[in-house]
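Engineer: Sequence and predicted structure, then a few things I'm wondering about:
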Amino acid sequence: MLRKLAPSILDADFTCLERELSMMESGGADIIHLDIMDGNFVPNISFGPKIVESIKSKTSLPLEVHLMVEKPENHIKSFIDAGGDTIIVHYETSKHLEELIQNINNAGVKSGIALSPATPLSTIEYLTNKIDSLLIMTVNPGYGGQKFIPGMIEKIKKAREILDNHKKTVSLEVDGGINLSNLSKIIEAGAETIVVGQLIFKSKNPEMTIKKIKDILK
């Protein structure tokens, strides 16, 4: 299993974002994770397509757009046009999730579904053959710096079982409260792609922290 690291740039220094992107690349990051928050589905507001477009022009890494927004169908096209390589939508935000995923697939980019901690895996099991990524949130979406919810380990294990039973390869991603102490347990549970923000950007040496994480992911 090829494990990947997807730094979330919410805690990056946006006054020198090009330098931060270069640091992530040289450290060995595999994906740039972009948390898009609208102040409705989650309390915070982050950034929009213009920032994504700027990031796209400054990095060769694929961009993963995580839409934590109400009515994601109104925003998907603008983030694809801005350079999103993967569009992840929350199960909790769409009444017509299958149609939404199909529209993303038809646009020629990768699709993904995110589940908040309280949302059971059974809600999206029927769609696992249509998506490229399943993102398990291990904290409640919308805030950085939250503690990992221990009960999510079992959810990750169950998600791994479900995905292994389907023909299509779907990346199992985990996002929220991940640190150097719990990372090994999360990997052992079956996670493939690890999303981290503060662990990297609040550290004294972010590039070295990325390399430490990558060593654990091997």
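Structural biologist: Here it is on my side, so go on.
Engineer: could you pull out the helices for the protein?
Structural biologist: Assignment of helices within the chain using DSSP state H yields the ranges 17-27, 49-56, 76-81, 97-106, 152-164, 183-188, 198-201, 206-217.
Engineer: Nearest to residue 112, out of these?
Structural biologist: Among those, helix 97-106 comes nearest to residue 112, with 8.5 Å by CB to CB. C-beta here means a position set from N, CA and C on the backbone, and glycine is covered the same way.
Engineer: list the buried ones in that closest one?
Structural biologist: Taking 16 or more other CB atoms under 10 Å as the basis for neighbour counts, the residues of helix 97-106 that come out buried are 97, 100-101, 103-104.
Engineer: Then stretch 16-23?
Structural biologist: 17, 20-21, 23.
Engineer: min pLDDT across these, which one?
Structural biologist: The pLDDT minimum for the buried residues of stretch 16-23 sits at residue 17, where the score is 93.
Engineer: Wait, it touches residue 58, no?
Structural biologist: Yes: shown here, residue 17 and residue 58 form a contact pair, counting by CB atoms under 8 Å, at 7.2 Å.
Engineer: In the chain, where is pLDDT below threshold?
Structural biologist: Across the chain, the stretches falling below the confidence threshold (pLDDT under 70) are 143-144.
Engineer: What count of nearby residues applies to the nearest residue in space to residue 114 that is not next to it in sequence?
Structural biologist: Taking CB to CB, 6 or more residues apart in numbering, and ignoring the residues beside it in sequence, residue 114 has residue 135 as its nearest neighbour in space, at 4.0 Å. Other residues near residue 135 come to 28 when the count uses other CB atoms under 10 Å.
Engineer: same thing with the one 10 residues further on?
Structural biologist: One way to gauge burial is a neighbour count; for residue 145, by other CB under 10 Å, it gives 12.
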